[in-house]
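**Student:** quick one: sequence plus predicted model below, questions after.
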Amino acid sequence: MSARVHESPPSPLRGWLGVAAITASLFVFLTTELMPVGLLTPLSESLDISVGVAGLMVTAQGVAAGLGVPFIVAWTRRVDRRPLLTTLLAVLALGNLVTAVSPNYPLILGTRLCMGFASGVFWAIGVSMAMRIVPERHANRAAAVVMSGISVATVVGIPLGTVIEAQTDWRTTFGIWAGLSVLVLIAVVALIPSMPSQNAVSVREVFQLPLRNGQLRTALFIVVFFVLGHFGAYTFVRPYLEDTADASSAFITTVLIIFGVGGAVGNFVAGYTVNKSLRGTFVIGLVGLLVALLLLRTVGNGETGAVVALVLWGLSFGAVQLSQINMTLAAAPETFEAAMSLNTMAYNTCIALGALFGGLFVDHVGVTSVIWFGVTLAAASLLLRLGTGWGKKTPDNESEDDLVPTAG
């Protein structure tokens, strides 16, 4: 990628071990952020709050991650990335520990806000760190490995949290994740070399990017609608299945694993197809996501229908997820971390808003309403992508797909 400033990486083995440590960091950050999705029912019962209010745990962390990241990334633009990442992991570990022992819900929400700031900064710097510690020719492969942590977190992390909670309780689950965060912190200290900041961009310049860059602006709007729709529905998949399919905890764990496996497969396939047609991959993935939501609403009241819908949903989400990251990188390759900070702001803020709006629908209309919420917003994202002129030709007469930085 042209934004990458070439430097002498560590030995190939240590470089890839460092990539593994960054991938592990993504795993603990993402599973911590989404852990409440699989624990909404026991959380709400234990804390004597509604399911919708419990969903605010996702909202709080997403709001902080989204709104804080452009400022923090700019303010730390001259800070070595290695100590910055270790600090972020220390905040995550402490936050999980406080959540595990917290006596009340307001303290949990405040803690999630603090953890959100750390999570947002990681999303902005993690991929670029991985690209810098391997040989130049493997930079894009390193980016793909790190992003595969999204699928691993979905396949293993969130269902594993559900299993641990079923055998113990939700407090023990967060306590274990605090320990995992400490282990990852140790790995980062041991395996990642000093990494002075690159491409320093001020706060003002960060927020000017979408004003000057029409492709980036369009990509961010597409991300907003997609994430609102997906997470507005996905956050409440457990209470939805419990209500409509009378699903057991074991069945919900199974379908969450199935969703994660589907996401991993979709991510893998999209890693090849985005290089041939980024636009086509995104459109097909989003159509699949819409079909999956409609299937869940129409035939998801039985176990077979629910499994089919979650398989398709996972496949489609994996493809769309990789596509939207590539769209952002293709739109602003010269300002990599700054563009990713804006992507993170849009993505995480909309996770939060999706959970918030979904919770309002659940509490005031009914749990089935979140499916229609998801369909509406995902359709808006699809229509925007189909209706935009971006991708036909660039000022340099290159197609959008020529600009894909092959993160897959």
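**Tutor:** Received the coordinates, thanks. Residues are numbered from 1 along each chain as shown.
**Student:** going forward, measure contacts between C-alpha atoms and count neighbours the same way
**Tutor:** Noted.
**Student:** the bottom helix or strand of this structure by mean pLDDT?
**Tutor:** helix 139-152 (a mean of 72; mean pLDDT, DSSP states H and E).
**Student:** what does it contact?
**Tutor:** 1, 16, 19-20, 22-24, 26-27, 30, 126-128, 130-132, 134, 260-261, 263-264, 267, 271, 318, 322, 405-408 (C-alpha atoms under 8 Å, 6 or more residues apart in numbering).
**Student:** now do stretch 37-45
**Tutor:** Under the contact criterion C-alpha under 8 Å, 6+ apart, stretch 37-45 has outside partners 36, 50-51, 53-55, 58, 158-159, 161-162, 165, 170, 234-239.
**Student:** which ones among those residues map onto helices?
**Tutor:** Assigned to helices by DSSP state H, the following of the contacts of stretch 37-45 qualify: 36, 51, 53-54, 58, 158-159, 161-162, 165, 170, 234, 237-239.
**Student:** hmm, which two among those are most spread apart?
**Tutor:** Of all pairs drawn from these, the greatest distance, 21.6 Å, lies between 53 and 159 (C-alpha to C-alpha).
**Student:** neighbour count winner among these two?
**Tutor:** residue 159 (27 against 20; other C-alpha atoms under 10 Å).
**Student:** which element is the closest residue in space to that one that isn't next to it in sequence on?
**Tutor:** If the residues on either side of it in the chain are set aside, residue 159 comes closest to residue 253, at 5.4 Å by C-alpha to C-alpha, 6 or more residues apart in numbering. Residue 253 is part of helix 249-273, with elements assigned from DSSP states H and E.
**Student:** what residues sit buried inside the next helix or strand after that helix?
**Tutor:** Using DSSP H and E, the next helix or strand after helix 249-273 towards the C-terminus is helix 278-299. By neighbour count on 16 or more other C-alpha atoms under 10 Å, the buried set for helix 278-299 is 278-279, 281-283, 285-286, 288-297, 299.
**Student:** next one: helix 278-299 to chain centre, how far?
**Tutor:** Between the centre of helix 278-299 and the centre of its host chain there is 18 Å, according to C-alpha atoms, centre = their mean, to the nearest Å.
**Student:** before we move on, what about stretch 261-273?
**Tutor:** With C-alpha atoms, centre = their mean as the basis, stretch 261-273 stands 15 Å off its chain's centre.
**Student:** picking that back up, now the residue nearest to residue 159: how far from residue 262?
**Tutor:** As judged by C-alpha to C-alpha, to the nearest Å, residue 253 and residue 262 stand 14 Å apart.
**Student:** what's the angle from the helix holding residue 253 to helix 278-299?
**Tutor:** 160 degrees (axes from the mean of the first three to the mean of the last three C-alpha atoms, to 10 degrees).
**Student:** mind listing what's buried in helix 249-273?
**Tutor:** Here helix 249-273 shows 251-271, 273 as buried, counting by 16+ other C-alpha under 10 Å.
**Student:** quick one: mean pLDDT for that helix?
**Tutor:** Mean pLDDT, helix 249-273: 81.
**Student:** ok, back up a step: and the angle from the least confident helix or strand of the chain to helix 249-273?
**Tutor:** Going by the same axes, to 10 degrees, helix 139-152 makes 160 degrees with helix 249-273.
**Student:** mind listing the strands for the stretch 301-408 of the chain?
**Tutor:** Counting by DSSP state E, counting those that start in this stretch, the stretch 301-408 of the chain has no strands at all.
**Student:** what segments of it are helices?
**Tutor:** Remark: helices assigned in the stretch 301-408 of the chain by DSSP state H, counting those that start in this stretch are 303-331, 336-364, 369-387.
**Student:** and the last one, how far out from the chain middle?
**Tutor:** The gap between the average C-alpha position of helix 369-387 and the chain average comes to 18 Å, counting by C-alpha atoms, centre = their mean.
**Student:** likewise the second one?
**Tutor:** Going by C-alpha atoms, centre = their mean, the spacing between the C-alpha centre of helix 336-364 and its chain's C-alpha centre is 10 Å.
**Student:** other SSEs contacting it?
**Tutor:** helix 51-54, helix 56-75, helix 105-132, helix 203-212, helix 214-234, helix 303-331, helix 369-387 (3 or more C-alpha pairs under 8 Å, 6 or more residues apart in numbering; DSSP states H and E).
**Student:** now these in TSV, with distance to residue 359 and mean pLDDT?
**Tutor:** Converted to TSV, the helices and strands packed on helix 336-364 look like this (distance: least, C-alpha to C-alpha, whole Å; pLDDT from 0 to 100):
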stretch	distance to residue 359	mean pLDDT
helix 51-54	4	79
helix 56-75	8	79
helix 105-132	15	85
helix 203-212	30	82
helix 214-234	8	90
helix 303-331	20	86
helix 369-387	8	91
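**Student:** relative to residue 84, which of the ones you listed is closest?
**Tutor:** helix 105-132 (9.0 Å).
**Student:** which helices and strands does that closest one pack with?
**Tutor:** By 3+ C-alpha pairs under 8 Å, 6+ apart, helix 105-132 packs against helix 12-47, helix 56-75, helix 81-101, helix 139-152, helix 336-364.
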